[in-house]
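**Student:** let me see the structure of the following:
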Amino acid sequence: MTDLLLQRSLLSIRIRILVHSLSLNLTSSFFLLIYGVLILRVFVADIIVKKNKYDGSDYYWIVGNFPSGMEVIIVDNYYDLREFVGHYVDMLISFMRSPYCELQRGIRNQIFSPEEFYSMELVDELLSKKEVVSTGNGKVVVLTGEYIDSYAIPEKWGPLTQGGAFEVLFKEPSALKTEDGTFLLYPIHSRREVPIEKIPREVTTAGSLSLEAWTPSQ
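**Tutor:** Model (predicted):
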């Protein structure tokens, strides 16, 4: 029932996005260039309020649309952007790689930890014990782009992040530059295992997105 309601909600959102996109001036830029770095400008189509099962606090799923038209769910653990539904927001987004989701989709990752370190059967067993169904997870997104081993986060984002935890996790971040913009790579499961010279021109990976900082689009 929950999956059916989510599918209906996403269908309604797709229609709203299409109508909104048709009204755009096609010559306008979807990207915002700040300090020479492409920053994601995301159309916020809807916000789904979720409950933390441990402490009951609210967090949010941002249902959005990237410049390429890709529909995504971005996890928002810190902010509440409900007043920006129907508007564009500039975002700093992190990407957490999921080896499990890559194996599900037949993606053989070229630069991170080899797949033999992970067992789909073991993960499925653990999930089934918790009565969790992993297939069809709406949060999973597949990104393809250029791997950046050392990425300089634009200074403008510093005061807008959540401080201590962000600074520890992304002290010396790597990133993935795609047609939609640049994503910080969350350090978990994203440690490089091959020399720089052996990294392919394009890297494909699967995982989930999280909002690290934002500002209203001008």
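**Student:** quick one, strands of the chain?
**Tutor:** 32-34, 37-51, 58-65, 71-76, 88-97, 141-148, 174-178, 181-185, 203-216 (DSSP state E).
**Student:** just these: most buried one?
**Tutor:** strand 181-185 (a mean of 25; mean count of other Cβ atoms under 10 Å). Every residue, glycine included, has its C-beta placed from N, CA and C.
**Student:** on that earlier part again, between the strands of the chain, which one is nearest to Asn109?
**Tutor:** Counting by Cβ to Cβ, Asn109 lies closest to strand 203-216 out of the strands of the chain; the figure is 6.0 Å.
**Student:** so what's Pro216 up against?
**Tutor:** By Cβ atoms under 8 Å, 6 or more residues apart in numbering, the contact list for Pro216 reads Phe84, His87, Val89, Asp90.
**Student:** what ranges of the chain fall below the confidence cut-off?
**Tutor:** For the chain, the stretches flagged by pLDDT under 70 are 1-39, 113-138, 163.
**Student:** and Lys171, how many neighbours?
**Tutor:** Counted with other Cβ atoms under 10 Å, residues neighbouring Lys171 total 9.
**Student:** that one and Ser94, how far apart?
**Tutor:** As defined by Cβ to Cβ, to the nearest Å, Lys171 lies at a distance of 13 Å from Ser94.
**Student:** how near is Arg192 to Phe84?
**Tutor:** From Arg192 to Phe84 the distance is 35 Å (Cβ to Cβ).
**Student:** which one's more surrounded, the two?
**Tutor:** Phe84 (18 against 15).
**Student:** isn't the more buried one right up against Phe43?
**Tutor:** No - assessed by Cβ atoms under 8 Å, Phe84 is found out of contact with Phe43, at 9.8 Å.
**Student:** got the domain ranges for this structure?
**Tutor:** Annotated domains of the chain cover 2-28+41-90, 94-216 [automatic domain parsing].
**Student:** alpha carbons of stretch 200-210, as CSV, please.
**Tutor:** Provided in CSV are the C-alpha atoms of stretch 200-210 (Å, rounded to 0.1, in the frame of the first residue of the first chain):
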residue,chain,number,x,y,z
PRO,A,200,38.6,5.4,-16.5
ARG,A,201,37.3,8.5,-18.2
GLU,A,202,33.8,7.8,-17.0
VAL,A,203,32.8,6.2,-13.7
THR,A,204,29.3,4.8,-13.0
THR,A,205,28.1,4.2,-9.5
ALA,A,206,24.8,3.7,-7.7
GLY,A,207,23.6,4.9,-4.3
SER,A,208,21.6,7.7,-2.6
LEU,A,209,21.7,11.4,-2.3
SER,A,210,21.8,13.7,0.8
